[in-house]
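K.L.:
next one to model:
(one chain, ligands or ions: 1)
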Amino acid sequence: MRSLQIVQVVGTRPQLVKAGALSRAIAERSASDPAVKIEAILVDTGQHYDHAMSGVFLEQLGIPEPDVRLGVGSGSHATQTGQMMMRLEPVLAKEEDAVLLVAGDTNSTLAAALTAAKLGIPVAHVEAGLRSYNRAMAEEINRVIVDHISDLLFCPSERAAANLAAEGVTQGIEIPGDVMFDTMIMTLAAPLDWDGLAGRLGLPGEYAVATVHRAENTDDEPRLRSILEALGRVAMTLPVFLPIHPRTRPLATAIGVPEGVTLLDPLGPEEMLAVASRARLGFTDSGGLQKELYWLGVPCVTMRDETEWVETVEAGWNEITGADTDRIVSAARRFLDGLPAHRPQLYGDGRASERIVDALVERYGVTA
Ligand code: UD1
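P.N.:
Residues are numbered from 1 along each chain as shown. Here you go, the predicted structure:
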């Protein structure tokens, strides 16, 4: 019998999406393998706290109720990260034989990884090796630090592993694929009343979906204005639906949302994937949505100056436009005129979480 304790720390919407597949894989391995006993502890930092940004993800993705809620909430980067570390330390100190499992690049990821590393608890990082090479992004700083203090690094692609090698990180690297693909497959398998949802949201037969939440776009008036103007121009021929992150709403409303662009409240994972999968086109500054649109066969206009998911751009399904109105509109036109003939399989096969749990058991399981 091998036993293992996994502490998974989540806090934000994208981490909950990744935790959906990971929590299920942990539960399945425990239930199906009598030779392995896994104790899973789920900690929620509380970085996201609105039901639409957190609770609905737990419900729809079947994530167990967190064992510990740190209740940190919003704040400046230092306040948020510092509070998380202070509240997490006594929790992790009690679990000194555990391995920490964190995903992505948010302040919750950074706080958990730093706290664990300083307590001598091994850190396993999911979505390791991603780089935008833009240090003005909080997420880039977070992911560089987390990768450099992690013991096991789970990369979604060969490219991510090569990025790590270029920084001298060569130990503990695994390439299981992307857990978001696992969660997407799981989520799309759930039954959904599409006509009911489309009716409730007012979706026509043809539409585009957009999201904007990245600090560089939401905290910069000219950039957000330019993005909204572009969406308004697209909406003259194709209506645009924009489920809006709470941080974007005040400035977007102050600038004014153009005709044809409909603001929606944030959507849960099932609704978001249903809406994205039926869209003709997506506009986003999210990392996760770029990949989801790719897997769904929906072209994506990325309203950032760079992307970590370069393979989707190379495949011809994603175009980087920054916040420039003309570039956004012309990318949209190109995609509406025609799509690439091929869409190679990227970022794994939907079984990344299973491989991650296997690797954790292999490396950290102790014979009981
Ligand atoms: C965080 C992540 C970002 C990720 C995003 C997904 C960092 C540095 N950024 O950004 O990488 O893509 O989550 O959404 O960790 N707010 C609410 N309700 C909530 C949560 C936030 O109203 O439940 C508002 C608050 O005004 C808050 C602001 O959104 O100040 C920003 O929230 P925060 O968690 O700091 O960052 P995100 O923009 O969500």
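K.L.:
and whichever strand or helix holds Gln8 with the ligand, contact?
P.N.:
Gln8 belongs to strand 2-10 when assigned by DSSP states H and E. No: figure legend: strand 2-10 not in contact with the ligand (Cβ under 6 Å from any ligand atom); closest approach 11.4 Å. C-beta here means a position set from N, CA and C on the backbone, and glycine is covered the same way.
K.L.:
quick one: mean pLDDT for that strand?
P.N.:
For strand 2-10, the mean pLDDT works out to 96.
K.L.:
likewise stretch 205-223?
P.N.:
97.
K.L.:
dump it to PDB, keeping only the CA atoms.
P.N.:
Written as PDB, here are the backbone C-alpha positions of stretch 205-223 (Å, rounded to 0.1, in the frame of the first residue of the first chain):
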ATOM      1  CA  GLY A 205     -28.100  31.800 -34.400                       C
ATOM      2  CA  GLU A 206     -24.900  33.500 -35.300                       C
ATOM      3  CA  TYR A 207     -22.800  35.600 -32.900                       C
ATOM      4  CA  ALA A 208     -19.300  36.200 -31.500                       C
ATOM      5  CA  VAL A 209     -18.200  35.800 -27.900                       C
ATOM      6  CA  ALA A 210     -15.800  38.100 -26.200                       C
ATOM      7  CA  THR A 211     -14.000  38.300 -22.800                       C
ATOM      8  CA  VAL A 212     -11.800  41.100 -21.400                       C
ATOM      9  CA  HIS A 213     -10.300  40.900 -17.900                       C
ATOM     10  CA  ARG A 214      -6.600  41.300 -18.200                       C
ATOM     11  CA  ALA A 215      -5.200  44.100 -16.100                       C
ATOM     12  CA  GLU A 216      -3.400  45.700 -19.100                       C
ATOM     13  CA  ASN A 217      -6.800  46.100 -20.800                       C
ATOM     14  CA  THR A 218      -9.100  46.800 -17.900                       C
ATOM     15  CA  ASP A 219      -6.900  49.400 -16.100                       C
ATOM     16  CA  ASP A 220      -6.000  51.300 -19.200                       C
ATOM     17  CA  GLU A 221      -8.800  53.500 -20.500                       C
ATOM     18  CA  PRO A 222      -7.500  54.000 -24.100                       C
ATOM     19  CA  ARG A 223      -6.900  50.300 -24.500                       C
END
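K.L.:
list the buried residues of it.
P.N.:
Tyr207, Ala208, Val209, Ala210, Thr211, Val212, His213, Arg214, Glu216, Asn217, Thr218, Arg223 (16 or more other Cβ atoms under 10 Å).
K.L.:
can you put these in a markdown table and add distance to Ala230?
P.N.:
Below are the buried residues of stretch 205-223 laid out as a markdown table (distance: Cβ to Cβ, whole Å):
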| residue | distance to Ala230 |
| --- | --- |
| Tyr207 | 16 |
| Ala208 | 11 |
| Val209 | 14 |
| Ala210 | 10 |
| Thr211 | 14 |
| Val212 | 11 |
| His213 | 16 |
| Arg214 | 15 |
| Glu216 | 16 |
| Asn217 | 12 |
| Thr218 | 15 |
| Arg223 | 11 |
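K.L.:
of all these, which comes closest to the ligand?
P.N.:
Nearest to the ligand, judged by Cβ to the nearest ligand atom, of the buried residues of stretch 205-223 is His213 at 5.4 Å.
K.L.:
ok, the closest one - contacts?
P.N.:
Listed by Cβ atoms under 8 Å, 6 or more residues apart in numbering, the contact set of His213 reads His245, Arg247, Thr248, Asp285, Ser286.
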